[in-house]
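**Student:** quick one, what's the 3D model for this:
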Amino acid sequence: TNIIIMKALVGVKRVLDYSIKVRPNAAKSAVELKGLKMSMNPFCEIAVEEAIKMKEAGKVKEVVALSIGDKTAAETIRGALAIGADRGIHVETDMRIDSELQPLAVAKIFKHIYEKEKFDLVLLGKQAIDDDSNQTGQLLAAMLNLPQATFASKIEFEEDGHILVTREIDAGLQKIRVSIPSVITCDLRLNVPRFAKIQDIIKAKKKKIELI
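**Tutor:** Presented below is the predicted three-dimensional model:
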C-alpha cells in the first residue's frame, strides 16, 4: 500500500520490573520502589517494537517515544531509542507514576503533545503492570475523537489506507478496521520485542530527548 504514516507517537512507562516481588513500603502507603530494578512496562516494549517494525516496513517515517516521570524516566526513553525510536519527549513530574499520576492526567498530557506535534498514529501498551488501569488509550482516543483499537494482537495495513486490527477479546479474536489517525493499544501476542545491540545503545545517547 502507499499509505505512509509520517509520525507515530509511542508511550513508554517506567515500572517496577516484572520479576521483582512487590512489597509495601515501611509506611504501608504505597509499593516500595527505592533501590529496586525499574524497567520499561512490558506492554510499552511491545508498542515500541511494533512502531519500529512499521518503520522498517516503510509504513512510518518517524517514531517518537514519550514518557512521563521523574529524571529516571529518561533511561526508559533511551531504551526505546536504542531499539530504533528516532527521538524522545520526557514530561517531568515528581508525582509517583504508579499511584499518584492517574490515567486521565496521562491522557491529557498525551493529547497536548499529539496536537502540538500533529501525529498520525498513537501506539500504547494495553495497560501498565504497576497500576493495571488499562484506561489511557481509551481516554486519549475519546478526547481526540479518534478511532481506537485496543488489545491488538495483529496490525495490518490495507490498500485503502485503513488499518486492520485483530483484537484479543473474551470470546476469542475480533477484527476491526480503523482509519488513520487512530489510537492502538498493544497486547502480549502482537510481537516479541528485540534486544538492543551495544552499538545501538551507544548511538541512542546521541539521539534527542526534549524535556518538558
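**Student:** residue ranges of the helices in the protein, please?
**Tutor:** 42-56, 73-82, 103-117, 136-144, 198-204 (DSSP state H).
**Student:** a markdown table for the ones you listed, including mean neighbour count?
**Tutor:** Heads up, the C-betas are built off the backbone N, CA and C, glycines and all. Converted to a markdown table, the helices of the chain look like this (neighbours: other Cβ atoms under 10 Å):
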| stretch | mean neighbour count |
| --- | --- |
| helix 42-56 | 22 |
| helix 73-82 | 23 |
| helix 103-117 | 17 |
| helix 136-144 | 21 |
| helix 198-204 | 13 |
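**Student:** which residues sit in contact with the closest residue in space to residue 126 that isn't next to it in sequence?
**Tutor:** Nearest non-adjacent residue to residue 126, counting by Cβ to Cβ, 6 or more residues apart in numbering: residue 185, 4.4 Å away. Residue 185 makes contact with 43, 47, 123-127, 134, 137-138, 148-152 under the criterion Cβ atoms under 8 Å, 6 or more residues apart in numbering.
**Student:** list the contacts of the helix or strand of the chain with the lowest mean pLDDT.
**Tutor:** Considering only helices and strands, the least confidently modelled element of the chain by mean pLDDT, DSSP states H and E is helix 198-204, at a mean of 89. Residues external to helix 198-204 that are found in contact with it (Cβ under 8 Å, 6+ apart): 78, 81-84, 196.
**Student:** pLDDT averaged over stretch 84-102 - what is it?
**Tutor:** Per-residue pLDDT over stretch 84-102 has a mean of 92.
**Student:** now it, how far from the centre of its chain.
**Tutor:** Average the C-alpha atoms of stretch 84-102, do the same for its chain, and the two points are 11 Å apart (Cα atoms, centre = their mean, to the nearest Å).
**Student:** okay, how far is it across it, tip to tip?
**Tutor:** Length of stretch 84-102, first residue to last, Cα to Cα, to the nearest Å: 28 Å.
**Student:** flag every buried residue along it.
**Tutor:** Of the residues in stretch 84-102, 84-86, 88-91, 93, 97-98, 101-102 count as buried by neighbour count, 16 or more other Cβ atoms under 10 Å.
**Student:** now do stretch 26-45
**Tutor:** Residues of stretch 26-45 classed as buried under the neighbour-count rule (16+ other Cβ under 10 Å) are 31, 33, 38-45.
**Student:** for stretch 116-136, same thing?
**Tutor:** Neighbour-count burial for stretch 116-136, with 16+ other Cβ under 10 Å as criterion, is recorded at 119-131, 134-136.
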